[in-house]
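[1] Test case, fold it:
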Amino acid sequence: FVAGPNHPNRNEDYVIASSYPHGFGQTLVNDWYVTNTSNPDGTILARAQGLHMQASQTMDNGWYTSFNLVFERERFAGSTLQVMGIFTVQKKGEWSILGGTGQFRRASGNILFSLLASSTSNDAIRQLDIEVRHVLQNARGE
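    Numbering: from 1, shown residues only. Okay, here's the model as predicted:
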């Protein structure tokens, strides 16, 4: 849910405002949630906790993002994926998985995302297709 005082359910908020063209430099902190459905009332599986900043000087909505995807349920509870990438006004995009902890130790991979048609000006609901590659370790950590 988008930032701003007129959005009581927001799960992101401004930390740095900007007066530059296209909002260059504005930074928001996010605690987006990941559910098992496109319904915002679905079961929360994980949270995307991090930040995103307007990094483009030539267009609106050229956001760089970096966050920890922190899993909350079942066998992945407490494990994380470290994610980085950009998102723009395009309806589809991709983020990189740069590492992980717990069940995802030494992970790499990608997250393909697509903005759902049910999104409104108050939210941006994305479907995430997560592909994780990681090395399984034995009891000795090998």
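[2] Can you list the low-confidence ranges for this structure?
    The chain contains residues with pLDDT under 70 at 1-5, 7-8, 137-142.
[3] residue boundaries of the strands in it?
    Taking DSSP state E, the strands of the chain run over residues 12-16, 27-35, 44-54, 63-71, 80-87, 92-101, 108-115, 126-133.
[4] Which neighbours in the sheet does the second one have, and how are they oriented?
    What that stands for is strand 27-35. strand 12-16 (antiparallel), strand 44-54 (antiparallel) (DSSP bridges).
[5] what's the answer for the fifth one, then?
    Strand 80-87 has the following strand partners under DSSP bridges: strand 63-71 (antiparallel), strand 92-101 (antiparallel).
[6] surely Phe76 meets Thr101?
    No. Look at Phe76 against Thr101 with C-beta atoms under 8 Å: they stay out of range, at 10.6 Å. Quick note: C-beta positions are derived from backbone N, CA and C, even for glycine.
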